[in-house]
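Undergrad: Need coordinates for the below:
(chains A and B)
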2 protein chains.
Amino acid sequence: MAKMNAFYAQSGGVTAVINASACGVIEAARKHTNKIGKLYAGRNGIIGALTEELIDTSREPARAIAALRYTPAGAFGSARYKLKSLEQNRAQYERLIEVFKAHNIGYFFYNGGGDSADTCLKVSQLSEQMGYPVACVHVPKTMDNDLPATDCSPGFGSVAKYLATSIREAGFDVASMSRTSTKVFVLEVMGRHAGWTTAACGLAAETEGEAPHVLLFPEIPLDEARFLAKVEHSVNRYDHCVIGVSEGLQNSDGKFVAETGLRDAFGHAQLGGVAPVIANLIREKLKYKYHWAVADYLQRAARHLASRTDVAQAYAVGKAAVDLALEGRNAVMPTIVRKSGKPYRWTIGVAELRDVANVEKKMPRDYITEDGFHITAKCRAYLSPLIQGEDYPPFRNGLPTYVRLKNIAVPKKLGVAFSI
Amino acid sequence: MAKMNAFYAQSGGVTAVINASACGVIEAARKHTNKIGKLYAGRNGIIGALTEELIDTSREPARAIAALRYTPAGAFGSARYKLKSLEQNRAQYERLIEVFKAHNIGYFFYNGGGDSADTCLKVSQLSEQMGYPVACVHVPKTMDNDLPATDCSPGFGSVAKYLATSIREAGFDVASMSRTSTKVFVLEVMGRHAGWTTAACGLAAETEGEAPHVLLFPEIPLDEARFLAKVEHSVNRYDHCVIGVSEGLQNSDGKFVAETGLRDAFGHAQLGGVAPVIANLIREKLKYKYHWAVADYLQRAARHLASRTDVAQAYAVGKAAVDLALEGRNAVMPTIVRKSGKPYRWTIGVAELRDVANVEKKMPRDYITEDGFHITAKCRAYLSPLIQGEDYPPFRNGLPTYVRLKNIAVPKKLGVAFSI
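TA: Numbers count the residues shown, from 1 in each chain, chains lettered A, B, ... in the order given. Below is the predicted model:
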């Protein structure tokens, strides 16, 4: 294959380490200047490709790129923008290929979750059909940990570490005040469909009586009576109760406990605010004094408390994506392979995108205790390696110092604008 | 003065560094075994003194006491329990003195905010009147930073560092997603009466356009129209807007905004949570997509991100309290004295409790910009030194490892129980 340019884009909700993957892609690409020309990034993800708003990453000094490794969120802008199906909007895909062609792009690295894996696969197929084959490699990313084929998803380990740490710290707080003040503390965590993040809270409870005492998973419909009995039991025994609850918690009739009626661009219900609902329930039924917190974006942006394992894996899948493309692979995704749990050893594998796209990795039922309110030893054994190690960013003036790239635009070559 | 025992108690809402003060008190007391016998701690604060539930800190190994320096919350239990006035409940104070007498306690170290300074002063006065003089030294602590006579209050610097870091990180997140997703992010912070914690968020905005873009202080009544214009301006200019809001924000009629009524799915009013109210206001009036977070206890328990300066000061006031008592001082409080701002240098001073008790340090108006929505350079110059330096706790299994003391009870000597 002749020397061609590459295109990298970030997709969906950002994480504390998606830029570490960008760093891996860019640093790897810069090592292969014989095969890869320029690496362009999409301004605001795939939208940048559709609107021909490309960023020339070669204009960034090596130091700035290296700083991506410890900078949270999406340095080039990400997007919640799902391409429609080929049947519904073939023009979108054709436009993508046109832009790629105009800028001599032969490699497409798409960094995201399940939706972007699907897009990546379709671009690979359509570019082939259109006679302009592009090597498409998906770089896994999601704090939800719901990508299949990989042992875990980069982005998740850092959220897990943040949540387990935060609920432990809040647990110490509540335990020391419960005699006269707050007895029940509720922490709401993100994670719409799968309980991976909720489960991560459970890691903090390493010994009898330690917070969290109750977890409310999206997989287990809320049984009010059993839940309240569990809370009461914890307060009777430890004088307090710390609860981790998923934003995706559902009632027994399948409705979200915190439904607001809003929907996002993907048509998903916009959630938020299950913690106050649970806290109010406890106040009404048990009369305990309570406090609640909603971590929201703090949890997925908390680069200051990233998991060293997660950062290393995010970087590694970025680098591996370039290596795979250069090996001539197409429509694939580098994966994390667990070689051993204790001691934890991992390596990079590879999955076909047809096995990844639109498949959601559910949390196994045997990761949740039988009563539905905590994690099992098996779950702990799976999760624990993912939060190992710290990887603090540099601080200046008492605050973490994160990089802002120049993000210099590549001159447009197509005369036609494209509205999204 | 003959060798006597000492009593230490924690009061009010705990912080990330109140145990660092306990560490300072205990380690200092252990260096003066010629003058101080045993150091007892109150189980659940002053309640432990009233009910004669004393903890023998001498039963804890030096390593456990040293670990208090990096353990958040109150290791002996704290209490929200304000002693009534001498006129209203003299019996409470007399009981305290009786317990002190029974256990040969000649030193009282009370670690808390304004209320506990007042109690400390009264115990000093009454013990004198009752012919059993106790040297009473108040150890300053409050995340609210509203204690007078001291440049700052231990506990505040760490909250400030946590909030500024968190809002910066969330700012990076929102900035990278705003093209297609969330445009407005609202972070609610604690601090009901004074805007110190809200102001701390402002430290994150070091350059033009950086989050937070708008701050809502408890000192400045919410002017909806001007606020919405400010948010709109930020979104027009930067495509997003990050807001820090105090839980104590009030409407122009003096009502807490948090009490103005968010309703859950069942139409029940939800208590607490000014962030969702502000977010809903923005959605209704400006139609922007939003997210909100409520940090709640996470902010004051976040020892993983403590300010090194704060930890050092918390330890120093604990140690100084013992030194003052041994110098024969009574009814005093060690203070933080700022010797220079840039470079920051501080030392320990001393204040009379009659100048501290029941006085609240307000935030100066000139720390808030004229439009009421951000902090001034003067405020930044005051706050910035307080968040300098990191002081990470040790981690084990990927999580911070905090100490739990044995808290062995001292045998009771009084036959009479005392109900609180």
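
Undergrad: neighbours of the residue nearest to A:Lys285 when sequence neighbours are not counted, just the number please.
TA: Nearest non-adjacent residue to A:Lys285, counting by C-beta to C-beta, 6 or more residues apart in numbering or on different chains: A:Leu228, 5.3 Å away. C-beta here means a position set from N, CA and C on the backbone, and glycine is covered the same way. Here the number of neighbours of A:Leu228 (other C-beta atoms under 10 Å in any protein chain shown) works out to 15.

Undergrad: Quick one: end-to-end length of stretch A:321-336, please.
TA: Stretch A:321-336 stretches 12 Å from its first residue to its last (C-alpha to C-alpha, to the nearest Å).

Undergrad: ok, now stretch A:285-296?
TA: Terminal residues of stretch A:285-296 are spaced 27 Å apart (C-alpha to C-alpha).

Undergrad: buried stuff in it?
TA: Buried residues in stretch A:285-296, counted by 16 or more other C-beta atoms under 10 Å in any protein chain shown: A:286, A:288, A:290-296.

Undergrad: neighbours around A:Asp391, how many?
TA: Residues lying near A:Asp391 (other C-beta under 10 Å) number 21.

Undergrad: repeat for A:Lys141
TA: By other C-beta under 10 Å, the residues close to A:Lys141 number 32.

Undergrad: Okay, helices next: where are they in the stretch 201-350 of chain A?
TA: In the stretch 201-350 of chain A, the segments counted as helices under DSSP state H, counting those that start in this stretch are A:224-238, A:274-286, A:297-301, A:308-326.

Undergrad: and those, which one's lowest on average pLDDT?
TA: In terms of average pLDDT, helix A:274-286 trails the rest of those, at a mean of 91.

Undergrad: lowest confidence element among the helices and strands of chain A?
TA: Counting by mean pLDDT, DSSP states H and E, the weakest-scoring helix or strand in chain A turns out to be helix A:274-286, with a mean of 91.

Undergrad: Check which helices and strands it sits against.
TA: strand A:184-189, helix A:224-238, strand A:241-246, strand A:290-294, strand B:269-270 (3 or more C-beta pairs under 8 Å, 6 or more residues apart in numbering or on different chains; DSSP states H and E).

Undergrad: For these, give me a markdown table that also has distance to B:Glu259.
TA: Formatted as a markdown table, the helices and strands packed on helix A:274-286 follow (distance: least, C-beta to C-beta, whole Å):
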| stretch | distance to B:Glu259 |
| --- | --- |
| strand A:184-189 | 19 |
| helix A:224-238 | 25 |
| strand A:241-246 | 24 |
| strand A:290-294 | 16 |
| strand B:269-270 | 9 |
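
Undergrad: thinking again about what came up before, could you report the separation of the residue nearest to A:Lys285 from chain B?
TA: 17 Å (C-beta to the nearest C-beta, to the nearest Å).

Undergrad: Also A:Val134?
TA: Look at A:Val134 and chain B: by C-beta to the nearest C-beta, they are 23 Å apart.

Undergrad: Run a quick neighbour tally on that residue.
TA: Neighbour count of A:Val134, defined by other C-beta under 10 Å: 24.

Undergrad: ok, it touching A:Leu126?
TA: No: A:Val134 lies out of contact with A:Leu126 (C-beta atoms under 8 Å); the separation is 9.1 Å.

Undergrad: what sits in contact with each of the two?
TA: Common contacts of A:Val134 and A:Leu126 (C-beta atoms under 8 Å, 6 or more residues apart in numbering or on different chains): A:Ile97.

Undergrad: ok, longest helix in chain A?
TA: Identified as the longest helix of chain A according to DSSP state H is helix A:156-177.

Undergrad: which strands and helices sit next to it?
TA: strand A:184-189, helix A:196-201, strand A:241-246, helix A:297-301, helix A:308-326, helix B:297-301, strand B:399-400.

Undergrad: before we move on, back to that, buried set for the least confident helix or strand of chain A?
TA: Neighbour-count burial for helix A:274-286, counted by 16+ other C-beta under 10 Å, picks out A:274-282, A:286.

Undergrad: quick check, A:Ala351 in a helix?
TA: No: counting by DSSP: H, G, I helix; E, B strand; the rest coil, A:Ala351 is not found in a helix; it is strand.

Undergrad: could the helices and strands packed on helix A:156-177 go into TSV alongside mean neighbour count?
TA: Formatted as TSV, those follow (neighbours: other C-beta atoms under 10 Å in any protein chain shown):
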stretch	mean neighbour count
strand A:184-189	29
helix A:196-201	30
strand A:241-246	29
helix A:297-301	29
helix A:308-326	25
helix B:297-301	29
strand B:399-400	22
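
Undergrad: So which of these is nearest A:Pro400?
TA: Nearest to A:Pro400, of all the helices and strands packed on helix A:156-177, is helix A:297-301, at 10.7 Å by C-beta to C-beta.

Undergrad: elements contacting the closest one?
TA: Helix A:297-301 sits against helix A:156-177, helix B:156-177, strand B:290-294, with contacts defined as 3+ C-beta pairs under 8 Å, 6+ apart.

Undergrad: Which one of those lies nearest to A:Pro61?
TA: A:Pro61 lies closest, by C-beta to C-beta, to one member of the helices and strands packed on helix A:297-301: helix B:156-177, at 19.8 Å.

Undergrad: Could you list the low-pLDDT ranges of chain A?
TA: Residue ranges of chain A with pLDDT under 70: A:1, A:260-272.

Undergrad: could you redo the last one with a cut-off of 90?
TA: Applying pLDDT under 90 to chain A picks out residues A:1-2, A:82-90, A:191-193, A:255, A:257-273, A:276-277, A:280, A:284, A:357-360, A:415-420.

Undergrad: What residue in it is the furthest from its centre?
TA: What lies farthest from the middle of chain A is A:Thr180; by C-alpha atoms, centre = their mean that is 39.1 Å.

Undergrad: Now for that residue: which residues touch it?
TA: Per C-beta under 8 Å, 6+ apart, neighbours of A:Thr180: B:44-45, B:47, B:79-81.

Undergrad: Equivalent analysis for A:Val403, please.
TA: Residues near A:Val403 by C-beta under 8 Å, 6+ apart: A:64, A:67-68, A:71, A:75.

Undergrad: how about the residues of the stretch 201-350 of chain A near chain B?
TA: Within the stretch 201-350 of chain A, the positions near chain B by C-beta under 8 Å from any C-beta of the partner chain are A:203-204, A:206, A:257-259, A:264-265, A:270, A:272-273, A:275-277, A:279-280, A:283, A:291-298, A:300-305, A:307.

Undergrad: ok, now with 6 Å
TA: Counting by C-beta under 6 Å from any C-beta of the partner chain, the residues of the stretch 201-350 of chain A close to chain B are A:259, A:265, A:276-277, A:291, A:293-294, A:296-298, A:301-302, A:304.

Undergrad: Show me which of those residues is closest to B:Phe172.
TA: The closest of those to B:Phe172 turns out to be A:Ala301 (C-beta to C-beta; 6.2 Å).

Undergrad: is it true that that closest one touches A:Gly74?
TA: No: counting by C-beta atoms under 6 Å, A:Ala301 stays clear of A:Gly74, with 10.7 Å between them.

Undergrad: just to revisit the earlier point, buried among the contacts of A:Val403? Need that as a selection in PyMOL.
TA: Filtering the contacts of A:Val403 down to the buried ones (16+ other C-beta under 10 Å) takes a single PyMOL command:
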select buried, chain A and resi 64+67+68+71+75
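
Undergrad: In strands only, show me the contacts of A:Val403.
TA: Using DSSP state E, no member of these falls within strands.
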